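Peer 1: Next one to model:
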Amino acid sequence: MGEHGLGGSATAEEIWQQPVVWPRVADAVDRVRQSAGEVVRAALADQGTRIVLTGAGTSAFVGEVVAPALARHLGRPVEPIATTEIVADPHTAAAGGGPVLLVSFARSGNSPESLAAAELLHRLTPGLRHVVITCNPGGDLARRWDGADGAVVVALPEETNDRGFAMTSSFTGMALAALLVFGLDVDVAALARSGADVLAEAAGRASGIAEAKPQRLVYLGSGPLHGLAREAALKCLELTRGEVVALAESSLGFRHGPKSVLDDRTIAFVFLSPDPYARSYDVDIARELVQSVGAERVVVVGDASPEEFDGAQVWPVGGAFTSPSVWALAAVITAQTTALACSLALGLTPDNPFPGGEVNRVVQGVVIHDLPETGE
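Peer 2: The predicted model follows:
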């Protein structure tokens, strides 16, 4: 065990640093607030402008987590569409032919799809405006759009450019930056306190889950917490090299088939939304799971008591956050540390769980094919 209680890897360091890094992310956004604001205001002046959030893998899930908060704040639809979908089907992503404000999330900015998605929408939509939120100002994506007309690059602190295989600080840093760029009032100091509180007991809680040797983890959440669940499941798959299979679903969607995954080696996590209405559905599925698989195999993440869920484990994540998208940035730490603990319990190296290169930190093997002129 290292100083964090879950080894001395870069991954552990990058998980534990997050509450300290978040105020620095806010400072980075403040430094470009004027130029970013000009791009956003110019785009939103046209009511026909579509707002598209894009990235691949974890970066795509950033968009899924923050899109609902941005939609409520702006009073207009916000669409999370992965770069992998834009590249494979660009005409659908550009459907309607109207202007687009594209927000790209990228840890390295060197993934082929990150570059191609922006270029394709630039080609297919008139007057594309582009906000690049990246952890690597020297990456290909940042260099391509830095100084371009109608574009701004929001470069986050160096610490967010995770050295480990899995994205941790980069996920929460980019999500926070997006909320701030669009003018949401986020109490960053309160968020940091909440994150620090989660980390104070994370090693013990995560190790206890790993010691149960689960073969499957299920993550459930409503609204933006469905995106959080998808990121949580990906962390498990990445850091355990797929040896612990993870599944994500919405709290309501889980009953429609995916519930079949439950067996006696499954542990199910339910993220309790701070939104009272959405929370009612999260509570329902958590109680149903306690009855069907037993309290010992259910982890409820949020502000609750074990008595409310017949003795299920409750992993507290507090903070007076009315926005589930903000709360998710502290809550994801529970999944990050659980994935790390499971990785260590399996004898893996979290910073490089695929030493054979089967899966890479920056995706490899992608061929970007030329888009024919016909059909535009």
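Peer 1: ok, how many other residues are close to residue 158?
Peer 2: A total of 11 residues lie near residue 158 under the criterion other C-beta atoms under 10 Å. For every residue, glycine as well, the C-beta is placed using N, CA and C.
Peer 1: give me every residue that touches it.
Peer 2: Listed by C-beta atoms under 8 Å, 6 or more residues apart in numbering, the contact set of residue 158 reads residue 135.
Peer 1: Backbone dihedrals for residue 270, please?
Peer 2: phi -120, psi 120 (degrees, to the nearest 10).
Peer 1: and it, what are its bridge partners?
Peer 2: Using DSSP bridges, the beta-bridge partners of residue 270 come out as residue 220, residue 300.
Peer 1: Hmm, residue 290 and it touching each other?
Peer 2: No - using C-beta atoms under 8 Å, residue 270 is not in contact with residue 290, being 9.8 Å away.
Peer 1: Looking at these two, which has the bigger crowd around it?
Peer 2: Shown here are residue 270 and residue 290; by other C-beta under 10 Å, residue 270 has more neighbours (32 against 20).
Peer 1: Please enumerate the shared neighbours of residue 270 and residue 290.
Peer 2: Common neighbours of residue 270 and residue 290 (C-beta under 8 Å, 6+ apart) are residue 298.
Peer 1: Need the single longest helix in the chain, by residues.
Peer 2: Using DSSP state H to define each element, the chain has its longest helix at helix 324-345.
Peer 1: Can you show me the CA trace of that one as CSV?
Peer 2: Provided in CSV are the C-alpha atoms of helix 324-345 (Å, rounded to 0.1, in the frame of the first residue of the first chain):
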residue,chain,number,x,y,z
PRO,A,324,-26.6,16.0,-10.5
SER,A,325,-23.9,16.9,-13.1
VAL,A,326,-21.9,18.7,-10.4
TRP,A,327,-22.5,16.0,-7.8
ALA,A,328,-21.3,13.4,-10.3
LEU,A,329,-17.8,14.8,-10.2
ALA,A,330,-17.4,13.8,-6.6
ALA,A,331,-19.4,10.6,-6.9
VAL,A,332,-17.2,9.2,-9.7
ILE,A,333,-14.4,8.9,-7.2
THR,A,334,-16.2,5.9,-5.7
ALA,A,335,-16.0,4.1,-9.1
GLN,A,336,-12.5,5.2,-9.8
THR,A,337,-11.2,3.8,-6.5
THR,A,338,-13.3,0.6,-6.7
ALA,A,339,-11.7,-0.1,-10.2
LEU,A,340,-8.3,0.6,-8.8
ALA,A,341,-8.8,-1.7,-5.8
CYS,A,342,-10.1,-4.5,-8.0
SER,A,343,-7.1,-4.0,-10.3
LEU,A,344,-4.7,-4.4,-7.5
ALA,A,345,-6.5,-7.4,-6.0
